[in-house]
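Sequence and predicted model, in that order:
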Amino acid sequence: MLGPTRTLGARRAMLPLGSCTHRIWPSLAKVQRFRRPVTASSIIPTALGRRRAGSMPPQAAASQAAEGEHKHTNRLAKEQSPYLLQHAHNPVDWYPWGEEAFEAARRDGKPIFLSVGYATCHWCHVMEHESFESDETAAIMNKAFINIKVDREERPDVDRVYMTFVQATTGHGGWPMSVWLTPDLKPFYGGTYYPGKDQYGMPSFNTVLRRIAQLWTTKRKDLEEQASTVMEQLEDFTSSPPQSPTAAAAAPDKRRLLSAVSGCAKALSKGFDSKLGGFGGPPKFPRPSEINLLLKAAEEQDVSEQGVPSASLLLGMSLFSLQKMAAGGMYDQIGGGFHRYSVDEHWHVPHFEKMLYDNPELALTYLDAFRLTLAEQRRIGSGSITPAAAAAADAGAAGSGSSKRAKLEDDKTLKDPRVYATVVRGILDYLRRDMTHPEGGIYSAEDADSLDTSTGKKSEGAFYVWTADEINKVLGTERATLFSEVYGVKSEGNCTLSPRSDPHNEFNGKNVLMQFKSLSAAVSAAAPDMPLERAEVLLGSCRHELWGRRAKRPRPALDDKIVTAWNGQAMSAFALASRILPAEQPPPKPCFPVDACTPDTYMTAAVKMAEFARHNLWDASTGRLRRAFCKAPSAVEGRGLGLRAPCRGETNC
């Protein structure tokens, strides 16, 4: 999730690492209770599509040319995945996923250690630093195991099957994923991150390695039998028979489907955070699919029926959550785009990684919010339903003791379509500005760690956080006063809203920008004579200047892999924005990070993505899209429809 040399131990206990079980034997009862629509036999033992022979990609050639500069170089130096290349100079004798590794395990009679992660995964980097860069750990791994590295973004099929196993046997999941397999690829033990030494109630990685190596030597037959049993049960519970013609004919009609959506919406609403937005407690992920469902449930209810109050409430929950997310530090207030998630309940201090697979989905959700609020605005304006009538109906449905819900339904600030259009533009303009390949494809992710020039070390959020002095120097006292009033900038730092925000005091004296006050409230406090329109323009210029200053800092690492499926999602978002945003009236003015380009610009970007896919990802010889592109097309085929514009992209192709 983050960069290579993150301060060890920081916020470790606060993150959803997917802590692993410490027992060497997985619980089959948990396997039986776990269901997931993936077929294990589609991967084991067929090895998930062997790598095609081909020329060495440019990255690998460059890496090979520089081998003399490194103490160690392993087989990953010949790969093109940014994640695998990060591990090319570990002392661990890594193999990529493929027949060479499987044959070595069968020939030597060794178990396989499978490590799965991705290039911008912070805890992957921590485990590399603590364990895979260690000569002592590498000696244990190389002697006792055949070690395989997999980029989950390149091989989601491999990741999906073994994550099913880890979640089934531990109740958790996450990356890095660590799984031990028999030579025929059947898992017998797994977890996620293991620390470099015994701590946090977890065994060290070396402890686990030694224990598994010992058991493989003394109880290999038992482990292999149990692995076979586990795989049988996983296959039993994760596969579903093909739908028969009779079942297809009996598919639920629209009314039944909407009833199911309504039921899900009611269940979600029980976990709604009426104070801070979102559903459930920290850490808070944006989870756009849940908000999409609520918006759909609200939209599909007929305004003439008694369900109108319920629809209004569901819409209010969705809009309130969307506004809180966009006002928080999880949204990059300076450059646009969303970070991965918030570690606290306030949407304030984020995990600073930025992912492509999050941002297009969120843009589509905010587009839906724009469309629905615009439709309601027009409906109220046309007199088809008056605010008074809606409020009266809502009050009747809400009953007594529901003032918070009534406030949600009546809050006019939630119904302003421009708020949601601005966020859509902020996301898409960020992707165009910072994440686009010269030929049109969109890169995968930006890391969270970067070099902190004040310490000479990499740390999380260094690129994004500010001291009050820095802001004063860039903006000058007068403008900094208003800016700080809006974004909660303090000389002592502002990461104190929750004990979860900064449990290890990493951000003392630092500020994560968040809209602590509305513009009108900030103007009243800091510049009461300033017109709001002028204040809005001034804030935009402040953000632009701070963006320029920030650009001079060392940037987080860029995962420049272009994943077909995620580009399908991005294509959808750009294409739909070009169709929906012309309804913005009056057209927006530039206010950084929003460029206020014409909606046609987004369609142009979508077309360039499609052209990039056609030229670089389409394999005419097989009639299939490749999974990804990184300096050259991936050797891995996509598994599914990677691009479906203007429909949403498939995330698991």
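Sure, I can see it.

would Glu492 count as being in a strand?
No: under DSSP: H, G, I helix; E, B strand; the rest coil, Glu492 falls outside any strand and is assigned coil.

Could you pull up the contacting residues of it?
Asn508, Gly509 (Cβ atoms under 8 Å, 6 or more residues apart in numbering). C-beta coordinates here come from the backbone N, C-alpha and C atoms, glycine included.

With Asp469 as the reference, measure out to it.
From Glu492 across to Asp469, the span is 12 Å (Cβ to Cβ, to the nearest Å).

How about Asp560?
34 Å.

Which residue of those two possesses the greater neighbour count?
Between Asp560 and Asp469, counting by other Cβ atoms under 10 Å, Asp560 is the more crowded of the two (17 against 11).

What values do phi and psi take at the residue lying closest to that one once chain neighbours are set aside?
Leaving aside its chain neighbours, Asp560 sits nearest to Tyr443 (4.9 Å; criterion: Cβ to Cβ, 6 or more residues apart in numbering). Per-residue torsions, Tyr443: phi -70, psi 170 (degrees, to the nearest 10).

Tell me if I'm right that Tyr443 and His437 touch.
Yes: contact status for Tyr443 versus His437: in contact at 6.6 Å, counting by Cβ atoms under 8 Å.

shared neighbours of the two, anything?
Joint contacts of Tyr443 and His437 (Cβ under 8 Å, 6+ apart) are Asp560, Ile562.

Name the residue in these two with the higher neighbour count.
Legend: neighbour count by other Cβ under 10 Å for Tyr443 and His437, higher for Tyr443 (21 against 16).

And the pLDDT for the more buried one?
According to the prediction, Tyr443 has pLDDT 97.

With Ala168 instead?
pLDDT at Ala168 comes out at 89.

Is it in a helix, a strand, or coil?
Per three-state DSSP, Ala168 ends up helix.

For it, the count of nearby residues, please.
Neighbour tally, Ala168, other Cβ under 10 Å: 27.

these two touch, right, Gly336 and Pro593?
Yes: judged on Cβ under 8 Å, Gly336 makes contact with Pro593 at a distance of 3.7 Å.

Looking at these two, which is more packed in?
Gly336 (27 against 23).

and that one, what does it touch?
Contacts of Gly336 (Cβ under 8 Å, 6+ apart): Arg425, Gly426, Ile427, Asp429, Tyr430, Arg433, Pro593, Val594.

how about a cut-off of 7 Å?
Residues in contact with Gly336 (Cβ atoms under 7 Å, 6 or more residues apart in numbering) are Gly426, Ile427, Asp429, Tyr430, Pro593.

go on, Glu299?
Glu299 touches Leu372, counting by Cβ under 7 Å, 6+ apart.

Which of the helices or strands spans it?
Element membership for Glu299, per DSSP states H and E: helix 288-300.

Pull out the buried positions in that helix.
Pro288, Glu290, Ile291, Asn292, Leu293, Leu294, Leu295, Lys296, Ala297, Ala298 (16 or more other Cβ atoms under 10 Å).

Report the next helix or strand after it in sequence order.
helix 308-327.

quick one: that next one to helix 288-300, angle?
150 degrees (axes from the mean of the first three to the mean of the last three Cα atoms, to 10 degrees).

starting at the chain centroid, how far to helix 308-327?
22 Å (Cα atoms, centre = their mean, to the nearest Å).

neighbouring contacts of the helix or strand following that helix?
Using DSSP H and E, the helix or strand that follows helix 308-327 in sequence is strand 341-342. The contact list for strand 341-342 (Cβ under 7 Å, 6+ apart) reads Pro282, Pro283, Lys284, Phe285, Gly328, Met330, His348, Val349, Pro350, His351.

Mind doing that once more with 8 Å?
Pro282, Pro283, Lys284, Phe285, Pro286, Gly328, Gly329, Met330, His348, Val349, Pro350, His351.

and the second one, how far is that from Trp347?
Put plainly, it is Pro283. 10 Å.

Pick out whichever of those two has more residues nearby.
Set side by side, Pro283 and Trp347 show more neighbours around Trp347, with 27 against 19, by other Cβ under 10 Å.

picking up where we left off before, identify the contacts common to Gly336 and Pro593.
Gly426, Asp429, Tyr430, Arg433.

Summarise which helices and strands the helix or strand in which the last one is found is packed against.
Take DSSP H and E as the rule and Arg433 turns out to sit in helix 417-434. Contacts of helix 417-434 with other secondary structure elements, assessed using 3 or more Cβ pairs under 8 Å, 6 or more residues apart in numbering; DSSP states H and E, are made with helix 308-327, helix 359-382, helix 564-580, helix 599-616.

can you tell which of those helices is closest to Leu223?
Closest to Leu223 of those is helix 564-580 (Cβ to Cβ; 35.4 Å).

chain center to the closest one, what's the gap?
Worked out by Cα atoms, centre = their mean, helix 564-580 lies 17 Å from the chain centre.

Please spell out which residues along it are buried.
564-578, 580.

just those residues now: which is nearest Gln226?
Taking Cβ to Cβ as the measure, Gln226 lies nearest Ala565 of the buried residues of helix 564-580, at 34.6 Å.

tell me the pLDDT at that closest one?
Reported pLDDT for Ala565: 93.

That one and Val230, how far apart?
For Ala565 relative to Val230 (Cβ to Cβ), the value is 29 Å.

Also Arg479?
62 Å.

cool, and Ala105?
Relative to Val230, and taking Cβ to Cβ, Ala105 is found at 18 Å.

Between the two ends of stretch 170-178, what distance do you get?
12 Å (Cα to Cα, to the nearest Å).

In stretch 273-292, which residues are buried?
Residues of stretch 273-292 classed as buried: 273, 276-279, 282-288, 290-292 (neighbour count, 16+ other Cβ under 10 Å).

picking up where we left off before, which member of the shared contacts of Gly336 and Pro593 is positioned nearest Tyr118?
Distances from Tyr118 to the shared contacts of Gly336 and Pro593, taken by Cβ to Cβ, are shortest for Tyr430, at 20.2 Å.

what does the model give Ala298 for pLDDT?
Value listed for Ala298 in the pLDDT field: 85.

Please look at it and Asn292 and confirm they touch.
No: judged on Cβ under 8 Å, Ala298 makes no contact with Asn292 at a distance of 10.8 Å.

ok, back up a step: what subset of the shared contacts of Gly336 and Pro593 is buried?
Gly426, Asp429, Tyr430.

In CSV: those, plus distance to Ala525.
Shown next, in CSV, are these (distance: Cβ to Cβ, whole Å):
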residue, distance to Ala525
Gly426, 25
Asp429, 30
Tyr430, 29
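
closest to Leu322 among the residues you listed?
Using Cβ to Cβ, those come closest to Leu322 at Gly426, 12.7 Å.

how about the nearest residue to that closest one, chain neighbours excluded?
Gly336 (3.7 Å).

Ok, Arg210 next?
Ile140 (6.6 Å).

tally of neighbours for the one you found?
The tally of other residues near Ile140 (other Cβ under 10 Å) stands at 17.

This completes my enquiry, with thanks.
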